[in-house]
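1. Below are the sequence and a predicted model; questions follow.
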Amino acid sequence: MGLRISAIGRGCPGENNVPGDTFSNAELLKHLQKGLSPWLKLVLQFSKTQAKKAERSLEIFQKVSGIKERQLFINETPYPNECLGTAACLEAIKKVKAINPSFDESKIGGFIFVTDTNDTVFPVSGKMVSRALGIKPRHFANASLVCSSILHAVEVASMWMEKDTECKYVLIATCDVTSRLHQQGTLKQPFLFGDQGVAIILEKKEGSGGFI
């Protein structure tokens with residue numbers, strides 16, 4: 001048995017009905033300043049050096065990292081993971097349908113959702129996304145530790161498909177809302193990462209094995 005990535009989809013703030021937008025470093029700094037307490041705003045009026053330090057920090061960050069902008073949720077979206085994950089999955093499903101018209105959501109035999117920023121403790125974000133997609137997979141898992149868990153998710157998906165002859169497609173979605181993780185009330189700490197979701201559809205292929 002082999003595996004093939006049949007499609008990759010993404011969910012981004014400001015695209016495909018996902019609330020949010022793309023922001024430059026300078027725009028993020030202004031947003032951080034708006035969130036300061038009245039006392040800190042008053043301090044800034046009399047201490048321009050602090051604002052200059054923050055601007056300088058962003059300049060250094062941009063030069064070192066090469067990151068000039070990022071897509072973020074700025075408004076209070078109740079379930080951002082559900083928005084990102086659902087958008088990414090829908091795009092991946094749409095791409096598979098374009099290649100294989102006979103494919104539909106009912107053929108998804110397994111669903112794995114990976115995030116470190118769950119919207120709620122219960123139900124887990126994966127359940128919310130699967131409900132939004134209208135799918136009822138035979139196998140389901142929700143995991144954290146996005147970086148390493150993606151590799152683990154591929155391993156789990158391969159085991160599902162190897163043991164279950166009816167499981168020919170597994171949908172894996174991962175997203176994080178890292179804008180939630182910034183420290184409130186500080187000018188020197190810009191948002192380091194954006195809010196994104198990615199989904200892949202794995203397809204079981206006959207043969208001696210391998211990964212396409």
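-> It's in.
2. Could you tell me how far residue 16 is located from residue 83?
-> Applying C-beta to C-beta, to the nearest Å, the value for residue 16 to residue 83 is 9 Å. (C-beta placed from N, C-alpha, C; glycine too.)
3. Residue 201 now?
-> Distance from residue 201 to residue 83, by C-beta to C-beta: 19 Å.
4. More neighbours: residue 16 and residue 83, which one.
-> Neighbour totals were compared for residue 16 and residue 83, and residue 83 leads with 26 against 16 (other C-beta atoms under 10 Å).
5. Leaving out the residues flanking it, which one is nearest to residue 19?
-> residue 77 (5.2 Å; C-beta to C-beta, 6 or more residues apart in numbering).
6. Could you report the pLDDT at the one you found?
-> At residue 77, the model reports a pLDDT of 76.
7. next one: phi and psi at it?
-> phi -80, psi 120 (degrees, to the nearest 10).
8. tell me the contacts of it?
-> 19-20, 83 (C-beta atoms under 8 Å, 6 or more residues apart in numbering).
9. out of these, which one sits closest to residue 1?
-> residue 83 (34.3 Å; C-beta to C-beta).
10. The nearest residue to the closest one once chain neighbours are set aside - how many residues pack around it?
-> Spatial nearest neighbour of residue 83, chain neighbours left out: residue 18 (4.9 Å); criterion: C-beta to C-beta, 6+ apart. The tally of other residues near residue 18 (other C-beta under 10 Å) stands at 21.
11. quick one: the helices in this protein?
-> Secondary structure of the chain (DSSP state H): helices located at 25-34, 38-46, 48-65, 80-99, 125-133, 146-163.
12. The fourth one to helix 125-133, inter-axis angle?
-> Here helix 80-99 runs at an angle of 50 degrees relative to helix 125-133 (axes from the mean of the first three to the mean of the last three C-alpha atoms, to 10 degrees).
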